[in-house]
Structures are given as C-alpha cells and as structure tokens.
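In: Sequence first, predicted model second:
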Amino acid sequence: MTEKKAIYYGKIELIPGILCDGYVLDDVDSTAVMSERGTSDLLGMSQAALNNMTTTWHSKKFKLFFDKDLNMTTTFVKVTANNSHYKGRDIAVYDTNTIETMIRAYAAGLGQNVLQKNQMHIGRRCVLLLCTLVRTALESAIKEACGLPPKIQETAQKHYVNAVAILEESQFRCSLPNKIATKKDICKFLKIPEPTLSSFLRKHSERIQSIKLDVATIKFLGSKAKRMNGYPMEEVTKIVLGMDTAVGVDIKQKALGKMGDFFCPYPQEETNWERLFQEVFEGFGLKRHYSVGQYTVDFFISDFGLCLECNGFEHKYYLKEYEAERQEYILTKYALVRFPHKIKLEKLFHGILQARKAGDLVDLCALEKKGHAKSL
C-alpha cells in the first residue's frame, strides 16, 4: 500500500491564540487533515485523551451521536512539506470528516446532557466552533460569490466568542506589560486563595502554559521570590472558564450565554439542587453563592442560619488545609451541611434536620465515603 504524504503545510487559527497544524495530502482528493496535536488543541482536550478515544472516551449514550461507520483508527502520513518542522517524519492526523463528526457529537452530547463532567468543556468548545464555522462559511461564500476574496481564518476568529475581551470588560487587570498576569492578579479577580489556584494549575499543567519571569521582572513586582510564573491572557481565560468560582461562572455566562439556553452556567448537579431548594425553602431566605466573610458557600438559608455545600467540581481543587480553615470560619457563624451531588433526598434532609445551631457540622460526603450514610 502506497504511503500517503503530506505535501502542503500551514498554520490554522480558527480560535484566537490557538494555532493548529494543517496539511494537504497527495491523494486524488487532496484531502485536508489536521495533526493529532492540532486537533486536540482545537477541541480543547488533551492529546492523550484524543488518542485513547477508540477505547475509553465515551459512554453508551454518547456513542449514539457518532457516525456508525466512523473509523477512529489513527492515520499516519509522511510529511514532505518543506515549510513544516516535522518534514521527513511520520505524524498522526485526522481528516476533516472525522473532526467534523467529533465536533458535532460533542455538541449534541452536551445538548442531551450525556457528557461526563470532564467532557463538558469540550462540548461547550464544540458548540462555539459549530456556530462560528457555520457563520464563517456563509459569510465567506457570499463574499466569494460577490467577487471578494474570502478570509476564512480572520472571519472565524471574528465570530468566535472572545473571552479575553470579556475578561477585560470585567475589569481584569494584569500587573505586567504585554497583558501578562500573575497568580496574584488571577486570585484577586476570582476571589480565591492562592493555594486553590496552585492546585488547579498542577492538575492542568498540560493545558495551562505559563511563562517563566526573569529576575528583573520579579523585582519589578516587588517580590522577593526566586522564581515566578506569568500567564498570558489566553491562559488566564482557560483558568477562569475552567474554575467554577462565583466570578468564573459569571464570566462563563457572558461568554457562553450568547449561544442561548444551550449551556448551563452552573455545574449541572448544583443547578438541579437549586431548583429543588427554591421550592422547599421558598420564603426562608434561600441565597445562591453566598459570601461568608472572605469565603463563598453554595447555598445559604438565612432564616435557619444554615449553609449547604454541594461537593462538586470546584471543591476538588481546594487544599485540605485551606478547606479546614474555611470550614472552621463558617462554623463560627452558621451551621453547615456538606453533601455529595448524588444523594437520596431523604438522607439529605435528615442531615439538614441535625444542623440546628451555629457550629453544627453534618458531613454527608464523609459518611458516604465511609459507607455510613445509611445510619443517618
């Protein structure tokens, strides 16, 4: 079998700040493909996750949205394009049919609420891509028919929701020139402690790219630290949209809400509980994302002096020491009930009835882990 060759190479920037490697093959159809790394960057997933999609990536429900005859076997081609830094090497690529199918499947999976928690950001990215590419195709076709040269990449970037601009409109400020932010800038904006941000960055070190600051820049900031990282605005956007803080949720609403009600601005589990609590605690002062000193709780019922914490996405980035301090402070003022997002209603309300006064802690999450929840 004749080996396919990638004879043309170019950089594609459909999303501002995200450059993807594109190639055209030497076959009869001049097939357009994107490198495995470029495809993963475009979809907002790790390269390892994309590479493992054939065996570990989907649930049975999600599989329904993929074309039955889609072949997810990785295709390798030899790069012969002179301007490619991979010239002479074999690389993994995906054709446009496969990429389009993945985008459509993730978007449909998001709409039908069958994506796993770690796939939600991919679904949101794919909806934005679909909307962007449809508008881009229409605009470019019209301009080409009228004799104007289509500018595909520029048009796509213009139509893609620019979360960086939304951050700047929301008064995010960088301490360094060229729109480079520090951890302190990000923590101040999101109203979170630095250990929480550091934990998030460690878990997403492959996706979030930092810049090592030189000694002169660190001194300019007034810091005595020997090492410090900076974060371009594109990376700050990933952090803000990736962390479901109160501020991050608001930014996500502005960035993603423009697509209509297709998106859920809060984690799904917390949204479902909010609807229930609104019915049960109507007239008792139910508040969402309530501030207790420098901290924030998921739900607060003012008439009962009771805080409710649904342990979902955001909590996994908290350090144990910080969370202990946070919990101790909350308990000086109110009663607190922690519960996992998947819990039987009667167990939750049994726990709520046990939280009678300030200082009372009912940790249903700990009981679930120990297998003692039935004793409530």
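Out: Done, it's in. Numbers count the residues shown, from 1 in each chain.

In: got the domain boundaries for this structure?
Out: Listed domain ranges for the chain are 5-159, 163-259, 268-375 (source: automatic domain parsing).

In: Serialize those to a markdown table and add fields for mean pLDDT.
Out: As requested, the domains of the chain are exported to a markdown table (pLDDT from 0 to 100):
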| stretch | mean pLDDT |
| --- | --- |
| domain 5-159 | 82 |
| domain 163-259 | 80 |
| domain 268-375 | 80 |
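
In: thought residue 278 was touching residue 286?
Out: Yes. Counting by C-beta atoms under 8 Å, residue 278 does reach residue 286; the two are 6.3 Å apart. All C-beta atoms are positioned from the backbone trio N, CA, C, and that covers glycine.

In: which one of the two has more residues nearby?
Out: With neighbours defined as other C-beta atoms under 10 Å, residue 278 and residue 286 compare such that residue 286 has more, 21 against 12.

In: That one: what's it in contact with?
Out: Contacts for residue 286 (C-beta atoms under 8 Å, 6 or more residues apart in numbering) come out as 277-278, 299-302.

In: Swap in 6 Å and give it another go.
Out: Taking C-beta atoms under 6 Å, 6 or more residues apart in numbering, we find residue 286 in contact with 277, 301.

In: For residue 307, see how far away it is.
Out: Distance, residue 286 to residue 307, by C-beta to C-beta, to the nearest Å: 11 Å.

In: what does residue 177 give?
Out: 42 Å.

In: Between these two, which has more neighbouring residues?
Out: The neighbour comparison of residue 177 against residue 307 (other C-beta under 10 Å) goes to residue 307, with 25 against 8.

In: In terms of secondary structure, what does the helix or strand harbouring the more buried one contact?
Out: Residue 307 is part of strand 306-311 when elements are defined by DSSP states H and E. Counting contacts by 3 or more C-beta pairs under 6 Å, 6 or more residues apart in numbering; DSSP states H and E, strand 306-311 is packed against strand 295-301, strand 335-340.

In: go with 8 Å
Out: Other elements packing on strand 306-311 under the criterion 3 or more C-beta pairs under 8 Å, 6 or more residues apart in numbering; DSSP states H and E are helix 268-280, strand 295-301, strand 335-340.

In: Next, the buried residues of stretch 144-153.
Out: For stretch 144-153, burial by neighbour count (16 or more other C-beta atoms under 10 Å) applies to residue 150.

In: Show residues contacting it.
Out: Applying C-beta under 8 Å, 6+ apart, the external contacts of stretch 144-153 come out as 12-14, 136, 140-141, 143.

In: neighbour-wise, which of these leads?
Out: The most neighbours of any of these, using other C-beta under 10 Å, belong to residue 136, which has 22 neighbours.

In: Phi, psi for that one please.
Out: When quoted as degrees, to the nearest 10, the phi and psi of residue 136 stand at phi -60, psi -40.

In: doesn't residue 156 make contact with it?
Out: Yes. The pair residue 136 / residue 156 is scored as a contact, 4.5 Å apart, by C-beta under 8 Å.

In: Please name every helix or strand in contact with the helix or strand harbouring residue 13.
Out: Using DSSP H and E, residue 13 maps to strand 5-15. Judged by 3+ C-beta pairs under 8 Å, 6+ apart, strand 5-15 is in contact with strand 18-25, helix 36-43, strand 75-79, helix 120-145, helix 152-159.

In: For my notes, confirm residue 91 occurs in a helix.
Out: No. Looking at residue 91 with DSSP: H, G, I helix; E, B strand; the rest coil, it is strand, so not inside a helix.

In: Return the distance of it relative to residue 126.
Out: 23 Å.

In: Just want to know which of these two has more residues nearby.
Out: residue 126 (23 against 19).

In: show me what contacts the more buried one?
Out: Shown in contact with residue 126 (C-beta under 8 Å, 6+ apart): 43, 102-104, 106-107, 110.

In: among the residues you listed, who's most crowded?
Out: residue 106 (28 neighbours).

In: tell me the pLDDT at the spatially closest residue to residue 27 that is not a sequence neighbour?
Out: Closest residue to residue 27 apart from its sequence neighbours, by C-beta to C-beta, 6 or more residues apart in numbering: residue 4 at 6.1 Å. With respect to pLDDT, residue 4 scores 90.

In: Any idea how many residues pack against residue 4?
Out: Neighbours around residue 4, by other C-beta under 10 Å: 17.

In: No more questions from me, cheers.
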